[in-house]
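Asker: I would like the atomic coordinates for the input below:
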Amino acid sequence: MREIPLKEQSIVLIGFMGVGKTTIGQAVAKKLYRDFIDIDEEIERRFGMPPKEIFAKYGEAVFRQHEKEIISEICHKKLKVISLGGGAFLQKEVQDVCLATTTIFFLDLSWDSWKDRISLLIDSRPVLQGKNMEEIKQLFDDRQPIYGQHHSRVVTDNQEIEEIADYIADSLKLAWELYA
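Answerer: Here you go, the predicted structure:
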């Protein structure tokens, strides 16, 4: 397979659930005139049910398998901005395909900032169901090293969506100029 030129590579946003990958991804896509794809929404569209129901009816393993297949397919497309679900990047195959075919931005939000959002997230995230704050903090901490596999890290604490999207778009444009 021919390598995708840097400027045409899709951009992937990774990070813990609820850090703003979808919202920031939509803003970045708009700034770069690209299509935005939320992997969870794509899975829901193809499955005909939300991830929470897929988890309940078929289990996490089935969900992760479909997630992996869809990510692999979409990462090979050019000029997309892709938001991965918080747990997608835990799969080695997903890390490998993203690193090989896309430019990955890790949206890094501190635990203190993240836990302020928990009330907005708890009902819609199957992975959080039935967990106490200590268990959720453990999950948060356990996932941080996995998100270390990226091309660029963006600290999002106390930043507005537009500021983060501008930073990502500007850094991409600079990289494209430098490596063209």
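Asker: C-alpha from now on. contacts and neighbour counts both.
Answerer: OK.
Asker: What distance do you get for the nearest residue to Arg153 once chain neighbours are set aside to Ala27?
Answerer: Distances taken as Cα to Cα, 6 or more residues apart in numbering place Phe106 nearest to Arg153, at 4.7 Å, with adjacent residues excluded. Here Phe106 is placed at a distance of 16 Å from Ala27 (Cα to Cα, to the nearest Å).
Asker: Mind checking what helix or strand follows the strand or helix carrying Ile82 in sequence?
Answerer: Using DSSP states H and E, Ile82 maps to strand 80-83. Counting by DSSP H and E, the next helix or strand C-terminal to strand 80-83 is helix 92-101.
Asker: other SSEs contacting that following helix?
Answerer: helix 60-75 (3 or more Cα pairs under 8 Å, 6 or more residues apart in numbering; DSSP states H and E).
Asker: how about the CA coordinates for the helix it packs on, as PDB?
Answerer: In PDB, the C-alpha atoms belonging to helix 60-75 read as follows (Å, rounded to 0.1, in the frame of the first residue of the first chain):
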ATOM      1  CA  GLU A  60     -17.700  -5.500  25.300                       C
ATOM      2  CA  ALA A  61     -15.700  -8.000  23.200                       C
ATOM      3  CA  VAL A  62     -18.200  -7.800  20.300                       C
ATOM      4  CA  PHE A  63     -18.300  -4.000  20.500                       C
ATOM      5  CA  ARG A  64     -14.500  -3.800  20.500                       C
ATOM      6  CA  GLN A  65     -14.200  -6.100  17.500                       C
ATOM      7  CA  HIS A  66     -16.600  -4.000  15.400                       C
ATOM      8  CA  GLU A  67     -14.900  -0.800  16.700                       C
ATOM      9  CA  LYS A  68     -11.500  -2.200  15.600                       C
ATOM     10  CA  GLU A  69     -12.800  -3.100  12.100                       C
ATOM     11  CA  ILE A  70     -14.400   0.300  11.500                       C
ATOM     12  CA  ILE A  71     -11.400   2.200  12.800                       C
ATOM     13  CA  SER A  72      -9.100   0.300  10.500                       C
ATOM     14  CA  GLU A  73     -11.300   1.000   7.500                       C
ATOM     15  CA  ILE A  74     -11.800   4.700   8.200                       C
ATOM     16  CA  CYS A  75      -8.100   5.400   9.100                       C
END
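Asker: List the neighbouring strands of the strand or helix carrying Val12 plus their orientation.
Answerer: Val12 belongs to strand 10-14 when elements are defined using DSSP H and E. Strand pairing for strand 10-14, using DSSP bridges, gives strand 80-83 (parallel), strand 102-108 (parallel).
Asker: tell me how far that strand is from the chain's mean position?
Answerer: Going by Cα atoms, centre = their mean, to the nearest Å, the spacing between the C-alpha centre of strand 10-14 and its chain's C-alpha centre is 6 Å.
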